[in-house]
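A.B. asks: Kindly generate the corresponding structure for this input.
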Amino acid sequence: MRSGPLSTLKLSKHRDFRLLWAGQTTSALGSEVSTLAIPLIAGLLLNASPMELGLLTAARKAPVLFASLPAGALADRWRKRPIMIWSLTLSGLIMLTLPLAAMAGVLTIAHLWTVALLAGICEVFYSPAYQTYPLLILGPERIMEGNAKLTTTITVSGMSGPALSGVLIGLLGPAKAVLVDAASFLAAAATMAFIRTQEPDPEPRDRRGLRREIAEGLRYVVRHPVIGPLLFGMATISFCLAGTGALEITYLARELGWSSQALGLVFGASMLGGLAGGMLARPLTDRYGMARVLIGAALAYPLFVAPIGLIGPGLAGQIVLGVSWGLLLVAAIVFQSVQKSLRQLLTPPEMQGRLAASARWITWGASPLGAVLAGALATWAGMRVTLLVFAAGLLAGPVVVRRIVKPLALVQVPDGRSSPA
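C.D. replies: Numbering: from 1, shown residues only. This is a model prediction of the structure:
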């Protein structure tokens, strides 16, 4: 039976989504190596202080503050795929400088900060293009399924990535292991170059109106009765997670004596929870509605982040932390899949790039401050106390997210397949 034009179009879109998914998975898998390796380079090879570790995390997240909003406006003006390809290519070249500097014997903490800053800028430009591209390929009727698959990429890479990272770091050392991340960025760029979906021509706009468009996007998300409270709740969560994330790997390695292999195995085992989260996002939303799912997932953050500050050294602590991180990832993947789909479905197409960038600016904007404050507090009070303080701060997240319940009940979500509240 001969395929018609509609069937051919659907097959092409399926193919293009698979290429996008494969490219993102490749990049995420490589990034797992750097997620483990770079803090170990700073904490063990360069003997960085808690404040220097906080500044390292802040450098990676700081570009959100000054580049995210222009990147979103430009993503609405430019074609998305070239932005993604160039961002990935530059990221690969930037990461390549770390192992080269290490092999030359000239690697410093300032070099780490510079790499983190430049890689963060590339990520800021990549993110709004990447976040809006699935909607262009799949359409609103399949965006929840597509987002769940893409979010599960974190899990797929995370299940094998940390264990592989631990082995690579053990064999090559943390600096040389970053070569894998550099290669993964370049491979992802090559994969996305084969996508064929034609993007609509961006509407010609006056260059002098860029500031106006940035302000328009920011006003839209802040004043929206659902998106605004949701993003401010996410900003609270991001602030606290940046604080714990700046310290956790060095704390486990330096103060609890975990090896790189133990770190990789615990990270990898916990990622099973993320795989479950990717499968649960749609069924939970269909049964309980978006608002209840988001609030429940937000409540899980403080509950499952706190154990890192309560465990002791040894196997028992590793098991407890692996289980708690696994349950945390169930909630995190569900939360991210639902909130991203909800924001996309409530926003008109011409605002999608600015939505993604404004959301990133608000939610990640507090992260550098959280990382720096965690480093300062850890210098004074110690890492364990700081981790517990920031875990307690996560209790504020669900309180803010709860404000979406009433306005969401009054909004018609274009998806039409699940009760919104």
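A.B. asks: hey, which helix is longest across this structure?
C.D. replies: Across the chain, the longest stretch assigned as helix under DSSP state H is helix 5-40.
A.B. asks: what is the rounded mean pLDDT of the helix or strand following that one?
C.D. replies: Stepping forward along the backbone from helix 5-40, the first helix or strand reached (DSSP states H and E) is helix 50-61. Per-residue pLDDT values over helix 50-61 give a mean of 81.
A.B. asks: buried set for helix 50-61?
C.D. replies: Of the residues in helix 50-61, 50, 52-61 count as buried by neighbour count, 16 or more other C-beta atoms under 10 Å. In short, each C-beta sits where N, CA and C put it, glycine included.
A.B. asks: now swap in stretch 180-197 and tell me
C.D. replies: Buried residues in stretch 180-197, counting neighbours by 16+ other C-beta under 10 Å, are found at 180-189, 191-192, 195, 197.
A.B. asks: taking those residues one by one, which sit in helices?
C.D. replies: Filtering these for helices - DSSP H - leaves 180-189, 191-192.
A.B. asks: picking up where we left off before, find the pair from the buried residues of stretch 180-197 with maximum spatial separation.
C.D. replies: The two members of the buried residues of stretch 180-197 with the most space between them (C-beta to C-beta) are V180 and T197, at 29.2 Å.
A.B. asks: May I have the secondary structure class of P225?
C.D. replies: coil (DSSP: H, G, I helix; E, B strand; the rest coil).
A.B. asks: That one against V405, yeah?
C.D. replies: No - with the criterion set as C-beta atoms under 8 Å, P225 and V405 do not qualify as a contacting pair; they are 10.8 Å apart.
A.B. asks: what do these two both touch?
C.D. replies: With contacts taken as C-beta atoms under 8 Å, 6 or more residues apart in numbering, P225 and V405 have no neighbour in common.
A.B. asks: Tell me where the model's unsure across the chain.
C.D. replies: Segments of the chain classed as low confidence (criterion: pLDDT under 70) are 1-13, 140-141, 144, 152-163, 201-208, 409-421.
A.B. asks: which residues does L373 contact?
C.D. replies: Shown in contact with L373 (C-beta under 8 Å, 6+ apart): 54, 243.
A.B. asks: Helix or strand: which one has it?
C.D. replies: Counting by DSSP H and E, the secondary-structure element that holds L373 is helix 367-381.
A.B. asks: in that helix, what's buried?
C.D. replies: By neighbour count with 16+ other C-beta under 10 Å, helix 367-381 contains the buried residues 367-375, 377-378.
A.B. asks: hang on, isn't W361 packed against S68?
C.D. replies: Yes - with contact defined as C-beta under 8 Å, W361 and S68 form a contacting pair (4.1 Å).
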